[in-house]
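In: no FASTA, just this:
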């Protein structure tokens, strides 16, 4: 009988989160490692190996039934290979199932999926998406990811690349994102872009409490610092999150209009700004929808945080074992 434990890997541009997950229960143990993406694919693959081996050790005699990996970028329909992930320099076409398998001592099923899709799986089975049969997932982190859950299944499109919401353009004359798309929503509210835009907007306020947090020229400014400043009542930080929230709401209006799915789950690190970003997003979304599409609109924050990706990735392994007993 297969083990009821699996390893879920959430591979991000900055950190790799690895978790040991028990079926229908949740996380048993977890670990975070720096991605070191600038060191190239081989280094990142070795970091994945290290994290997975730690979880296999933690599983002990029970063992694991398989490994699921969530990664930014388009993943093929066979759920083995990722193509040109924008936040991982030097990655062109990498068969993660093969490459990670070579580095492990045991022989385990390894299933790969887009990171936003695995976050949606995690949300659907363990988090804020549980009440919804269908919802749009958007993740606000190093990049901006998207997923579509329709009647309990992730919609992957014809090649596996559906729901790249972060690369949808809201201004063709706007800044370029890391994939080269002009005016995409990621180019405004992806974590690095967001921090840079906030710094440019708030740099002139030399009396700002942000200077105490981020240092000279606000060079170390982060979304978390902006949130802390907003919590202390610093109005320019509140206004900046409202600006970002409106960008989010505008792209979501296109998604809702196209799909007629009215429930939206927002996850990722930047979503920790909570109502400072989500309430302006709701306003912008409702303002930009035709009246017939407004009924039932709901935007909720995924509170699982980093756990959503690990849980969803592990679910890939459980799903694989169920289909290949």
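Out: Yep, that arrived. No experiment lies behind these values; they were computed from the predicted model shown. Numbering: from 1, shown residues only.
In: mind checking the SS state of residue 33?
Out: With DSSP: H, G, I helix; E, B strand; the rest coil as the basis, residue 33 sits in strand.
In: who does it bridge with?
Out: Here residue 33 sits in beta bridges with residue 16, going by DSSP bridges.
In: report pLDDT for it.
Out: Residue 33 is assigned 96 on the pLDDT scale.
In: and it, what does it touch?
Out: By C-beta atoms under 8 Å, 6 or more residues apart in numbering, residue 33 lies in contact with 15, 16, 18, 47, 50, 51. Every residue, glycine included, has its C-beta placed from N, CA and C.
In: what sits against residue 30?
Out: Residue 30 makes contact with 17, 18, 19, 20, 307, 310, according to C-beta under 8 Å, 6+ apart.
In: quick check: which of the contacts of residue 33 has the minimum pLDDT.
Out: Among the contacts of residue 33, residue 15 carries the lowest pLDDT, at 91.
In: pull up the gap between it and residue 86, please.
Out: 16 Å (C-beta to C-beta, to the nearest Å).
In: contacts for stretch 248-261, please.
Out: Applying C-beta under 8 Å, 6+ apart, the set of residues contacting stretch 248-261 from outside is 134-136, 138, 140, 146, 148, 150, 165, 168, 170, 185, 189, 262, 264, 266, 277, 280-290, 293, 297, 299.
In: redo that, cut-off 7 Å
Out: Outside stretch 248-261, the residues that touch it by C-beta atoms under 7 Å, 6 or more residues apart in numbering are 134-136, 148, 165, 168, 170, 185, 189, 262, 264, 277, 280-285, 288-289, 293.
In: go on, stretch 1-9?
Out: With contacts defined as C-beta under 7 Å, 6+ apart, stretch 1-9 is touched by 16, 18-23, 48, 51-52, 55-56, 59, 62-70, 310-314, 317-318, 321.
In: now do stretch 308-320
Out: Applying C-beta under 7 Å, 6+ apart, the set of residues contacting stretch 308-320 from outside is 6-10, 17-19, 21, 23, 26-27, 30, 65-70, 109, 111, 113, 115, 118-123, 125-127, 267, 302, 304.
In: so of the residues you listed, which ones are in strands?
Out: Per DSSP state E, strands hold the following members of the contacts of stretch 308-320: 6-10, 17-19, 21, 26-27, 30, 67-70, 111, 113, 267.
In: what ranges do the strands span in the stretch 51-200 of the chain?
Out: Ranges of strands in the stretch 51-200 of the chain, per DSSP state E, counting those that start in this stretch, are 67-71, 74-75, 81-83, 93-95, 110-114, 135-140, 144-150, 153-154.
In: okay, now the sheet partners of the last one, with direction.
Out: So that's strand 153-154. Strand pairing for strand 153-154, determined by DSSP bridges: strand 144-150 (antiparallel).
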